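**Q** show me the folded form of this:
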Amino acid sequence: MKRSVRRGAIALASTTVLVLAGSIPGYAHEVIVYSNDGAIENAIATHSHDQHGGIAGHLPATQHNVDLVAKSHINQDVEGRVADVGVLGNYAYLAAFNARDCQKGGVYVFDISNVSQPKQVNFIRTGQNSFVGEGVHPIHIDTPQFTGDILAFNNEICGGEKEIGPKPSTAGGVTLVDISNPRSHEYLVRGFGDFDLHGTRANQIHSVFVWDAGDKAYAVLVDDEESTDVDIVDISDPRHPVLIAEHDLAEMFPQILQPGMDEVFHHDMIVKRVGTRELMLVSYWDAGYVVLDVTDPVHPLYLGDSDFAIPDPLLLERTGTAHIPEGNGHQSEFTLDNQYVVAADEDFGPNAASARNVTAGTDISASPGSDTPLPVGQTLTGQAKFVGRACNTSPPVPAGDGTQVAVVERGGTATQATCTFTEKVANVEAAGGYRAILVMNRTGADACNASLGMTVAGNTPTFGVAPREQGFAIFGVGGYDDAACRAGTGLELAPIAIGATGATLSFSVYFDGWGYVHLFRNQPGKLAELDTYAIPEAHDPAFAQGFGDISVHEVATSHQQANLAYFSYYSGGFRVLRIVDNTLVEVGRFIDPEGNNFWGVQVFERNGVEYVAASDRDFGLFIFRYTGP
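**A** Predicted coordinates:
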């Protein structure tokens, strides 16, 4: 997963090792190319979840205070095929992700009336070249227009797109299905959502959650393509839904933003009725976890939000090193009594990096290129030298002196519309004399001070794409005008002479662990962070590679005990935590002898007994029962 550098380093007096510089996640798995030069839009790459499903080994089998009630294969057993899970009544619903070739996306239906013997009984298709990920939500609604059980699922897109027609075809948005008879489903609406960008196709969405509000029913969507939006749809008549709101929380409630945490977008949410109010808990990535009153969904009210503690408290505790936290507010739930928020930060990059303008003492918002890594523990420092666009049709790249960092401007030339990052790196390497390469952004509405990741190959550690203003600052060029930059065509050259030298730059990579769990007190204003938790291996450098993804993914709080929560921990297995004196204590765990790769967890009850359904990415459905005190 690629995200940009963290800004706003903070100086602390500490006896620990102190590296509070901009933090960049380590080398990700697959990515989505944002433009034809190889730039990556970080929110889209995160939503795509191509990085899910690492299969490079697993942790040893373990079982404590957890009974494995049942497990069942899906009928198309390929690794990475399964995504989220939902449960309603006697049926469980598992998302079919984009593996193997983005065909036959949809939802598997399992009969779990006998919890010890689940049986797949149906498959609900989504559009061609569309797939289902985070959003699988079965629910009963009762409105004047519709009474029955419905399944809502998200549609994300890969491969060639097609127009939506009467038959299943590529779809974005949300699909609503009547599952009053789960063995014989009826589509109510396919691919509905925000049509602003494409007209005939809704924006692809990453997740969906539905709530029944009496005479009304609503769905809230995560819009992949307008990433800060919280889209709300009135589905009181699920055959004729209506988009009623697009809320940009960063714009509406700027108090949720935290200096230095700069990847802000909507990732997931739940809605829960508390008294007479409908409360939405939004996971808003680097802006943290946001509590809203959506009793009137068109006019939400801010109630509270979280900040990420600086320095990262768990990393400081486990390794004695102080760094800016990753952020990555991924998914969260209220406890049964609503006294706490339990939250899961997803992070697939156990190694992070810092990029610094040493001369100015400032961070540079630039991440490592996809295939030009810098080894962990190594630091590169050198004087910046501007080499222009470094395209095949550009003026030649001047040679470096063997100690310098080449600063390259993104973009093509008047005779070469596309100039890839890989081409730029190849031309810098041909000139010789550079220890590292930094790419700064070009002009244009999609560029300027945007910080992007890069797909790029080469033999020289390469970082970028850095905001254009930061590139100017490296060479002491003032007067940057963002409005003028955004009005540009992309061909305007930086006012820096080719061969000019500038500030000393420094790049380094360090271990910062996998994603972990937070415990917050649910209170007005800023939520008080009480504790953090990660399995031991998640903050041990020995487990940075070779054991799959050891990040937490989702949490489901108990429906029977206010201090109990269940977690899907990818290769870290199924975990059970109890809140004891405002701290998180592990009380149960399970990893199969063949290893696990859990995505979703969902609590359900049968005859007064609480069970947990868990979706294994490479296998299918697991059902657990916690047996501890």
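**Q** how about stretch 390-403: buried residues?
**A** Within stretch 390-403, the residues scored as buried using 16 or more other C-beta atoms under 10 Å are 390-391, 394, 397-400. All C-beta spots, glycine's among them, are computed from the backbone N, C-alpha and C.
**Q** for it, what is the distance to the chain centroid?
**A** Offset of stretch 390-403 from its chain centre (C-alpha atoms, centre = their mean, to the nearest Å): 37 Å.
**Q** what mean pLDDT does stretch 533-551 have?
**A** Across stretch 533-551, the average pLDDT comes to 91.
**Q** what's that stretch in contact with?
**A** Outside stretch 533-551, the residues that touch it by C-beta atoms under 8 Å, 6 or more residues apart in numbering are 51-59, 314-315, 318-319, 346-348, 350-351, 376, 511, 513-517, 519, 552, 569-572, 575, 577, 584, 586, 595, 597.
**Q** now the end-to-end length of stretch 360-375.
**A** 25 Å (C-alpha to C-alpha, to the nearest Å).
**Q** buried sites along that stretch?
**A** Those would be 362-370, 372-374, for stretch 360-375 by 16+ other C-beta under 10 Å.
**Q** quick one, strands of the stretch 201-350 of the chain?
**A** Assigned strands in the stretch 201-350 of the chain, in chain order: 205-212, 217-223, 229-234, 242-248, 268-274, 277-283, 289-293, 301-305, 321-322, 329-334, 340-345 (criterion: DSSP state E, counting those that start in this stretch).
**Q** which of those sits closest to Gly135?
**A** The closest of those to Gly135 is strand 205-212. By C-beta to C-beta, the value is 3.8 Å.
**Q** show me what the closest one is in contact with.
**A** Contacts of strand 205-212 (C-beta under 8 Å, 6+ apart): 47, 49, 133-135, 137, 139-143, 150, 152-156, 172-174, 193, 217-224, 231, 235, 267-271, 273, 278.
**Q** and the angle for that strand with strand 217-223?
**A** Counting by axes from the mean of the first three to the mean of the last three C-alpha atoms, to 10 degrees, strand 205-212 lies at 160 degrees to strand 217-223.
**Q** distance between strand 205-212 and the chain's centre?
**A** The answer for strand 205-212 is 16 Å, by C-alpha atoms, centre = their mean.
**Q** filter the contacts of strand 205-212 down to the buried ones, PyMOL style.
**A** Only the buried entries of the contacts of strand 205-212 go into this PyMOL selection, using 16+ other C-beta under 10 Å:
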select buried, resi 47+49+133+134+135+137+139+141+143+150+152+153+154+155+156+172+173+174+193+217+218+219+220+221+222+223+224+231+235+267+268+269+270+271+278
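**Q** and the residue of the chain most remote from its centre, which helix or strand is it part of?
**A** In the chain, Asp401 marks the outermost C-alpha relative to the chain mean, sitting 40.5 Å out by C-alpha atoms, centre = their mean. In this assignment (DSSP states H and E), Asp401 forms part of neither any helix nor any strand.
**Q** go on, the one 5 residues further on?
**A** Taking DSSP H and E as the criterion, Ala406 maps to strand 404-409.
**Q** so what strands line up beside that strand?
**A** Take DSSP bridges as the rule and strand 404-409 pairs in its sheet with strand 379-386 (parallel), strand 434-440 (parallel).
**Q** and Ile364, how close does it get to Gly502?
**A** Separation of Ile364 from Gly502 (C-beta to C-beta, to the nearest Å) stands at 12 Å.
**Q** now Pro238
**A** 59 Å.
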